[in-house]
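# got a predicted structure plus its sequence, pasted below:
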Amino acid sequence: MDANKTDDHKKLGKELDLFTFSDLVGSGLPLWTPKGTILRNLLDEFVWELRRKNGYEKVEIPHITKRELYEKSGHWEKFKDDLFRITTREGDEFALKPMNCPHHTQIYARKPWSYRELPQRYANTTMCYRDEQSGELNGLSRVRAFTQDDAHCFCRESQVKEEFLKIWDIIEEFYSTLGFKPKKIRLSFHDQNHPEKYLGDKKHWKTAEDILSDIAKEKGAETIDGVGEAAFYGPKLDFMAEDAHGRLWQVATIQLDMNMPERFDLTCTNEQGQRERIVMIHAAVMGSIERFLSVLIEHVGGAFPFWLSPVQAKVLGVSEKHAGYVREVVAALKTAHIRAEMDDANESLGKKIRNAKSEKIPYLLVVGDKEVEARTVSVESRNDGKQDAMPLADFIARANAEIAQRK
Ligand SMILES: [Zn+2]
């Protein structure tokens, strides 16, 4: 089922002032407004909070690299049509990164590791660039610059299952909090009839795919076969979820990679003092934040949950003489870390309420003579027309409780 036209993320993004495009910057290169940036950051902080509990650490990398890194990783060959290339004035070839894995291998490779120090879990929200054909660009769904909430876990083969299950929990908590219904897991495996599409030997693929099948079975997940859907370096578990319109999306992915560690000779020293080959898990939760937001904006029809709304409360004075108290209320809300705005336009209260509702702001706080005198606010939620008078402190307490629960 399609979302109806009013739920189109391009239209809503413009109406709600979340992102824009500029002919001067170029197509497929979204620019994020202050409101859109709030959304991106809050979502990313949520993912980070879940990751941090599971032992991830943040890393950071440059957005370009020498050609040699991608020759070694295999990306130069496999991604050659999608790479943005740069030639320096000294004639060296560089590329803008289409993904982060090869850079992250070099952080792991900076020193020798004992098995006791593994897993090493690196998280990095960062932009990637792919030279998509202009005819295929579409709003935020298909762009040339996108932000991955990326993570790589470097661990022993014996640790893969535990690490996968941790990421699985993170994905489940993230998507259920946002009201997506988890549906199926796609086992995205390689196509044995086309070995030329993939790196590495049969043995690695078989081992990796067996591990993924076991994990899905242990979780009791409903699986679908995705032969030929693997990444070129390893098989994936793709998480499918249903949105509010009954549409099924691939929302997150966990990949098991035994090839990249081989290519970059990544090891640890094991209990016997020998060098042991490690494996690498690729784990994006939102995947591309741009694409994820295109799905989320349509899923909620632009009415973001309270904790995520760029503007959480709008304070409206019944008339101009209440402007002083309006400003006082806004200042108190901001001090309490609630994103509040005021509408001091010289318009009727009815018009102001209609405007705030079309901006899908979760709470409207109306103040008139009664409220000024009693130091209260009349709270109206975007969902109903009821006004509830309460002391400002009570509203702040209620709002902060909702934010803490990500409601
Ligand atoms: Zn990766």
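Nice, I can see it.

# contacts, neighbours, all on C-alpha from now
OK.

# who in the chain is up against the ion?
Taking Cα under 5 Å from the ion as the measure of proximity, the chain contacts the ion at 101, 282.

# show me the domain layout of the chain.
In terms of domains, the chain is parsed into 5-299, 306-404 (source: automatic domain parsing).

# how about the helices of the stretch 301-407 of the chain, start to end?
Counting by DSSP state H, counting those that start in this stretch, residue ranges of the helices within the stretch 301-407 of the chain are 323-335, 349-358, 369-374, 392-404.

# for S176, find the nearest of the ones you listed.
Taking Cα to Cα as the measure, the helices of the stretch 301-407 of the chain were each checked against S176, and helix 392-404 came out nearest at 15.7 Å.

# the inter-axis angle of the closest one versus helix 323-335?
Following axes from the mean of the first three to the mean of the last three Cα atoms, to 10 degrees, one obtains 30 degrees for the angle between helix 392-404 and helix 323-335.

# now tabulate the domains of the chain in a markdown table and tack on mean pLDDT and mean neighbour count.
What follows is the domains of the chain, written out as a markdown table (pLDDT from 0 to 100; neighbours: other Cα atoms under 10 Å):
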| stretch | mean pLDDT | mean neighbour count |
| --- | --- | --- |
| domain 5-299 | 93 | 17 |
| domain 306-404 | 92 | 17 |
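
# quick revisit: what's the closest of the helices of the stretch 301-407 of the chain to Y115?
Each of the helices of the stretch 301-407 of the chain has some distance to Y115 by Cα to Cα; the shortest is helix 392-404, at 37.7 Å.

# which residues touch the closest one?
Contacts of helix 392-404 from elsewhere in the structure, counted by Cα atoms under 8 Å, 6 or more residues apart in numbering, are 306-307, 329, 333, 336, 338, 375-377, 379.

# swap in stretch 29-45?
Counting contacts by Cα under 8 Å, 6+ apart, the residues outside stretch 29-45 that touch it are 17-22, 125, 140, 143-145, 149, 289, 308-311.

# one more: stretch 352-370?
15-16, 302-306, 309, 311-319, 322, 325-326, 343, 345, 376-383.

# what's the answer for stretch 330-343, then?
With contacts defined as Cα under 8 Å, 6+ apart, stretch 330-343 is touched by 310-317, 326-327, 352, 396, 399-400.

# can you pull the contacts of the residue positioned nearest the centre of the chain?
The central residue of the chain, meaning the one whose C-alpha is nearest the mean C-alpha position (Cα atoms, centre = their mean), is M286 at 3.3 Å. M286 is in contact with 148-149, 251-252, 292, counting by Cα under 8 Å, 6+ apart.

# which element is the residue in the stretch 201-350 of the chain positioned nearest to the ion on?
Taking Cα to the ion as the measure, the stretch 201-350 of the chain has H282 as its residue closest to the ion, at 4.4 Å. Counting by DSSP states H and E, the secondary-structure element that holds H282 is strand 279-284.

# and the two most separated of the contacts of stretch 330-343?
The largest distance within those, taken as Cα to Cα, falls between K352 and N400 and amounts to 24.9 Å.

# measure stretch 250-263 end to end?
The first residue of stretch 250-263 is 29 Å away from its last residue (Cα to Cα, to the nearest Å).

# which strands and helices sit next to the strand or helix carrying A208?
Counting by DSSP H and E, the element that carries A208 is helix 202-218. For helix 202-218, the helices and strands in contact under the criterion 3 or more Cα pairs under 8 Å, 6 or more residues apart in numbering; DSSP states H and E are helix 160-177, strand 181-189, strand 248-257.

# what sits up against that helix?
Applying Cα under 8 Å, 6+ apart, the set of residues contacting helix 202-218 is 161, 164-165, 185, 187, 189-190, 222-223, 234-237, 256-259.

# now the angle from whichever helix or strand comes after it to helix 202-218?
Stepping forward along the backbone from helix 202-218, the first helix or strand reached (DSSP H and E) is strand 223-227. Orientation of strand 223-227 against helix 202-218 (the same axes, to 10 degrees) gives an angle of 160 degrees.

# can you list the strands that strand 223-227 pairs with?
Paired neighbours of strand 223-227 in the sheet (DSSP bridges): strand 181-189 (parallel).

# next, the angle strand 248-257 makes with the partner strand.
Between the axis of strand 181-189 and that of strand 248-257 there is an angle of 40 degrees, by the same axes, to 10 degrees.
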